[in-house]
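Colleague: coords please:
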Amino acid sequence: MSKSTLTTLLAALMLTACTFGNPPTQVPTLTAPANLTSKCPDLPQLQSGSLNDLLSNHIQVAKAYHECRNHHNDLADWLQKTGTAQ
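Modeller: Modelled structure (predicted):
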C-alpha cells in the first residue's frame with residue numbers, strides 16, 4: 001500500500017472512532033407548577049386624588065406587593081428544592 005493510502009485509512013479510522021461509545025445522557029426537564037409560573041397582576045390604579053382613595057389604593061398596592069413577594073419566594077423555594085437554583 002502506498003503511504004497516502006495508509007494515511008487516508010488511518011484518518012478515516014480515527015474519525016469513525018468518535019461514533020462509538022455511549023449515547024449522550026438525557027437531562028431531565030423540570031416543569032414548575034403552574035401556580036408558581038404565573039405573572040404578578042398589575043397594580044391597582046388610583047381612582048381620584050381624595051385622601052380616602054389614596055389610602056385605599058395604598059392598602060391595595062401593599063397587599064398586591066406582599067402576594068407577589070410570597071409567590072416569588074415560593075418559586076425560589078421550589079427552585080432550591082429541585083436543585084435548579086444557582
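
Colleague: ok, now how distant is residue 79 from residue 32?
Modeller: Relative to residue 32, residue 79 is positioned 8 Å away (criterion: Cβ to Cβ, to the nearest Å). Yep, even glycine has a C-beta here, placed from its N, CA and C like the rest.

Colleague: what separates residue 49 from residue 38, distance-wise?
Modeller: If you measure residue 49 against residue 38 using Cβ to Cβ, the figure is 32 Å.

Colleague: Which residue of those two possesses the greater neighbour count?
Modeller: Counted by other Cβ atoms under 10 Å, residue 49 and residue 38 do not tie: residue 38 has more neighbours, with 10 against 7.

Colleague: can you tell me which residues contact that one?
Modeller: Residue 38 sits next to residue 71 when contact means Cβ atoms under 8 Å, 6 or more residues apart in numbering.

Colleague: what about it, distance to residue 4?
Modeller: Separation of residue 38 from residue 4 (Cβ to Cβ): 65 Å.

Colleague: Residue 37 too?
Modeller: 60 Å.

Colleague: Poorly predicted segments of the chain, please.
Modeller: Confidence mapping of the chain against pLDDT under 70 gives the ranges 1, 16-21, 85-86.

Colleague: for the longest helix seen in it, packing partners?
Modeller: Of all the elements of type helix in the chain, the one with the most residues (DSSP state H) is helix 51-82. Counting contacts by 3 or more Cβ pairs under 8 Å, 6 or more residues apart in numbering; DSSP states H and E, helix 51-82 packs against helix 34-37.
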